[in-house]
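Student: dropping a prediction and its sequence here:
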There are 2 protein chains.
Amino acid sequence: MKIVLDGMGGDNAPISTVKGAVDAIKEYSVDLIVTGDKEILEKEFSKYEFDKSKLEIIHTTEVIENEDKPVEAIRKKKDSSMVVGLRLVKEKKADAFISAGNTGALLSGGVFVVGRIKGVDRPCLCPALPNIKKSMTMIADGGANVDCKPINLVQFAGMANIYAKKVLGLESPRVSIANIGAEAGKGNDLVKKSYEEISNLDLNFLGNIEARDVINGETDIIVCDGFTGNMLLKSAEGVAMSVMKIIKETLLSSTKGKIGAMLIKKDMQEIKSFMDYSEYGGAPLLGVNGGVIKAHGSSDAKAIKNAINQGIKFSKGNVVEDIKNFVSEE
Amino acid sequence: MKIVLDGMGGDNAPISTVKGAVDAIKEYSVDLIVTGDKEILEKEFSKYEFDKSKLEIIHTTEVIENEDKPVEAIRKKKDSSMVVGLRLVKEKKADAFISAGNTGALLSGGVFVVGRIKGVDRPCLCPALPNIKKSMTMIADGGANVDCKPINLVQFAGMANIYAKKVLGLESPRVSIANIGAEAGKGNDLVKKSYEEISNLDLNFLGNIEARDVINGETDIIVCDGFTGNMLLKSAEGVAMSVMKIIKETLLSSTKGKIGAMLIKKDMQEIKSFMDYSEYGGAPLLGVNGGVIKAHGSSDAKAIKNAINQGIKFSKGNVVEDIKNFVSEE
């Protein structure tokens, strides 16, 4: 088992990536490869005590920045920490690649460098949203494919179901389609055409779910095209943060409110951190020929460590093999 | 100026519709027609003192229920309070129709009974979302058309712009497209194809807006297909209510929190009522040959009165004429 980590990807790299790598080695006794500028990484790693035999640093000379155009960056920056990491997965020298870097580039690289599983029409990115039951709901697709056909939604459902079982440990993940109404027969062309086929899959399909219920914790996987997934994820993030902001401003505008705010400060911080979905490790890119996990751009060491753990479970769970079987049986 | 109100539509009809009608007659000195069961309505109206010369009740024998299938209900329940009201607008016996009844039926009735304005490909429903600047943001389309072509988004933008000027009184409404990124060139096929044409319209176009910024109050009109509009509206509603619920539960689970909660109770109620978009009158159906306003199903008397006022402004502002000119110039 070998996991490769993009040492240079993310807003807090290499501090958070290195610390996350060290913590993962200590906690999971995993063999790690970290790609990036060797000098910078070695200096950062030298701050920690850990089993150095578990670590290999592969020197790379380029970094894909957030501003880089995804496809172009993957094609041109061949010696970047991201492309080199992806190539190791492609060549089966590593089981999974973790990066907190440029999302678009990682999606392109997943497809162009690692490659699609035969039979998978489009891989999907599956981020998770916190819900009011204090667990997570996966969005499949969370933004990789803005235009989808029914076959895509059907495969997203099947692939996310496998991931939720093998990596999240859910026995029978509940799968729903994001729609404008709960009744079957509702929706746009895409979801109407996908509904029956998804209902014929061997999984725990609950039918449609409305956007108002997305965070109610009554489902584990929400299937949708990537445009809709992006709307759901970002709307939830924006509204939750805005409501917290309005509450803060309202409370601080009166004396009574100020005293109240002081008393509830700790509780509110807890809620805020619970709602911050950047806390929850990474989003897998499902349907490519190896483990590719996108950690949130603002990942701290804990999020990196969690994403590495996702990579380990992804590999141990044989997710790629299961997806191969799923698409060949379809 | 004559406005017709569906006396039987909505969860709180006829109590809220009658009270709303009485308040509107008092406040705006408007001539009102109310459709519905005459006996029931007269009994309800007899509770109030007002200028009875301003009111005409038209007796109808049927009611379209929320469970009724929209198209079928419009076709079969010809003597319903909704169909009769719509027919009055069609026949120019009234300037606008207000209903808090079955949304789908009102959309169908708007198109089949009142009829589209020549040149309008698809009418759109424009509900408004409260934003953190404590004003409203219109969603065009909010759910009438789940599958759209670029011409639809372009017309939604133009029609909503006219409404926002004439009814909401905005001098230069800010118009944005809901998208997965702020940069031009982002998005699915539909928004990519609509972008340039919308940018060529004679209006204050801001470009794309991400879902996380939908309620930040930096735009007045958000253009999108009705599937996306429904996601944005219901997600905002669901997340806002869930966050409030989590806060309440968290606070009530500790003594300190309970005291804090007591101190901030009034402030929180204010925030809750501000976020409840049912408080803000109705959503216009733009692109049909007359005023058709959908009031929220749970409308109270104040919401009905506000929706009647929207109908008055809609008519005084010559919105239909302006839309005719807009589509003929396009």
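Tutor: Good, I have the coordinates.
Student: look up how far residue A:3 lies from residue A:318.
Tutor: Shown here: residue A:318 relative to residue A:3, a distance of 15 Å by Cβ to Cβ, to the nearest Å. Placement of C-beta: from N, CA and C, glycine included.
Student: so these two - more neighbours on which side?
Tutor: residue A:3 (30 against 13; other Cβ atoms under 10 Å in any protein chain shown).
Student: surely that one is in a helix?
Tutor: No: under DSSP: H, G, I helix; E, B strand; the rest coil, residue A:3 sits outside any helix and is assigned strand.
Student: show me the contacts for the nearest residue to it once chain neighbours are set aside.
Tutor: Once flanking residues are discounted, residue A:3 sits nearest to residue A:311: 4.6 Å by Cβ to Cβ, 6 or more residues apart in numbering or on different chains. For residue A:311, the contacting residues are A:3, A:95, A:96, A:97, A:98, A:291, A:293, by Cβ atoms under 8 Å, 6 or more residues apart in numbering or on different chains.
Student: go again using 6 Å as the cut-off
Tutor: A:3, A:96, A:98, A:291, A:293 (Cβ atoms under 6 Å, 6 or more residues apart in numbering or on different chains).
Student: I'd guessed the second one sits against residue A:291; true?
Tutor: What that stands for is residue A:96. Yes: using Cβ atoms under 6 Å, residue A:96 is in contact with residue A:291, at 2.6 Å.
Student: mind listing the residues bridging to residue A:179?
Tutor: Beta bridges link residue A:179 to residue A:210, judged by DSSP bridges.
Student: quick check: it touching residue A:190?
Tutor: No: using Cβ under 6 Å as the test, residue A:179 is too far from residue A:190 to be in contact (10.1 Å).
Student: and the helices in chain A?
Tutor: For chain A, helices defined by DSSP state H occupy the ranges A:15-28, A:38-45, A:70-76, A:81-90, A:103-109, A:150-166, A:189-199, A:226-252, A:255-275, A:301-316, A:319-329.
Student: count of residues packed around the residue nearest to residue A:51 when sequence neighbours are not counted?
Tutor: Computed as Cβ to Cβ, 6+ apart, the closest residue to residue A:51 that is not its neighbour in sequence is residue A:25, at 6.2 Å. Look at residue A:25: counted by other Cβ under 10 Å, it has 21 neighbours.
Student: residues contacting residue A:25?
Tutor: A:32, A:50, A:54.
Student: low-confidence bits of chain A, can you list those?
Tutor: A:274-280, A:330 (pLDDT under 70).
Student: got the contact list for the residue of it most remote from its centre?
Tutor: Most distant from the centre of chain A: residue A:255, at 42.4 Å, with distances by Cα atoms, centre = their mean. If you count contacts by Cβ under 6 Å, 6+ apart, residue A:255 has none.
Student: how near is it to residue B:103?
Tutor: 44 Å.
Student: quick one, what contacts residue A:104?
Tutor: Each residue near residue A:104 by Cβ under 6 Å, 6+ apart is listed here: residue A:70.
Student: looking at the contacts of residue A:25, spot the one nearest chain B.
Tutor: residue A:32 (32.7 Å; Cβ to the nearest Cβ).
Student: what residues are up against that closest one?
Tutor: With the criterion set at Cβ under 6 Å, 6+ apart, residue A:32 makes contact with A:3, A:21, A:25, A:55.
Student: hang on, the earlier thing: more neighbours, residue A:179 and residue A:190?
Tutor: The residue with more neighbours, out of residue A:179 and residue A:190, is residue A:179; 28 against 21, by other Cβ under 10 Å.
Student: so who does the more buried one touch?
Tutor: Listed by Cβ under 6 Å, 6+ apart, the contact set of residue A:179 reads A:186, A:187, A:191, A:208.
Student: got the buried residues for stretch A:144-160?
Tutor: Of the residues in stretch A:144-160, A:144-146, A:148, A:150, A:152-160 count as buried by neighbour count, 16 or more other Cβ atoms under 10 Å in any protein chain shown.
Student: which of those residues sit farthest apart?
Tutor: Greatest spacing in the buried residues of stretch A:144-160, by Cβ to Cβ: A:146 and A:158 (20.5 Å).
Student: sorry, back to before: strands - which of the contacts of residue A:25 land there?
Tutor: Among the contacts of residue A:25, DSSP state E puts residue A:32 in strands.
Student: how about the residues of chain A by chain B?
Tutor: Contacts of chain A with chain B, taken as Cβ under 6 Å from any Cβ of the partner chain, map to A:132, A:146-147, A:180, A:188-189, A:210-212, A:215, A:227-228, A:230-232, A:234-240, A:242-243, A:246, A:250-251, A:256-257, A:259-260, A:263-264, A:267, A:271.
Student: which of those residues count as buried?
Tutor: By neighbour count, with 16+ other Cβ under 10 Å, the residues of chain A next to chain B hold A:132, A:146, A:180, A:188, A:210-212, A:215, A:227-228, A:230-232, A:234-240, A:242-243, A:246, A:250-251, A:257, A:260, A:263-264, A:267, A:271 as buried.
Student: so residue A:220 makes contact with residue A:173?
Tutor: Yes: using Cβ under 6 Å, residue A:220 is in contact with residue A:173, at 4.3 Å.
Student: determine the residues that are contacts of both of those two.
Tutor: Listed contacts common to residue A:220 and residue A:173 are residue A:164; contacts here mean Cβ under 6 Å, 6+ apart.
Student: the more surrounded of the two?
Tutor: Neighbour count, other Cβ under 10 Å: between residue A:220 and residue A:173, residue A:220 has more, with 24 against 20.
Student: re the thing from before, nearest to residue B:122, of the helices of chain A?
Tutor: helix A:189-199 (14.6 Å).
Student: just the angle between the closest one and helix A:226-252, please?
Tutor: Here helix A:189-199 runs at an angle of 100 degrees relative to helix A:226-252 (axes from the mean of the first three to the mean of the last three Cα atoms, to 10 degrees).
Student: spell out which residues make up each domain of chain A.
Tutor: According to automatic domain parsing, chain A comprises the domains A:1-120+A:287-319, A:122-279.
Student: mind putting these in TSV, distance to residue B:36 included?
Tutor: Shown next, in TSV, are those (distance: least, Cβ to Cβ, whole Å):
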stretch	distance to residue B:36
domain A:1-120+A:287-319	55
domain A:122-279	27
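Student: of all the ones you listed, which one is nearest residue B:203?
Tutor: Closest to residue B:203 of the domains of chain A is domain A:122-279 (Cβ to Cβ; 23.2 Å).
Student: where does the closest one sit relative to the chain's centre, distance-wise?
Tutor: Mean-position distance between domain A:122-279 and its chain equals 13 Å (Cα atoms, centre = their mean, to the nearest Å).
Student: pick out the residue closest to the middle of chain A.
Tutor: Closest to where the C-alpha atoms of chain A average out (Cα atoms, centre = their mean) is residue A:283, at 0.8 Å.
Student: list the contacts for the closest residue to that residue other than its chain neighbours?
Tutor: The shortest distance from residue A:283 to any residue other than its chain neighbours is 3.8 Å, reached at residue A:127 (Cβ to Cβ, 6+ apart). Neighbour list for residue A:127: A:139, A:142, A:283 [criterion: Cβ under 6 Å, 6+ apart].
Student: how far away is residue A:127 from chain B?
Tutor: To chain B, residue A:127 is 13 Å away according to Cβ to the nearest Cβ, to the nearest Å.
Student: residue A:97 versus that residue, what's the distance?
Tutor: With distances taken as Cβ to Cβ, residue A:127 is found 17 Å from residue A:97.
Student: ok, now residue A:322?
Tutor: Counting by Cβ to Cβ, the gap from residue A:322 to residue A:97 is 19 Å.
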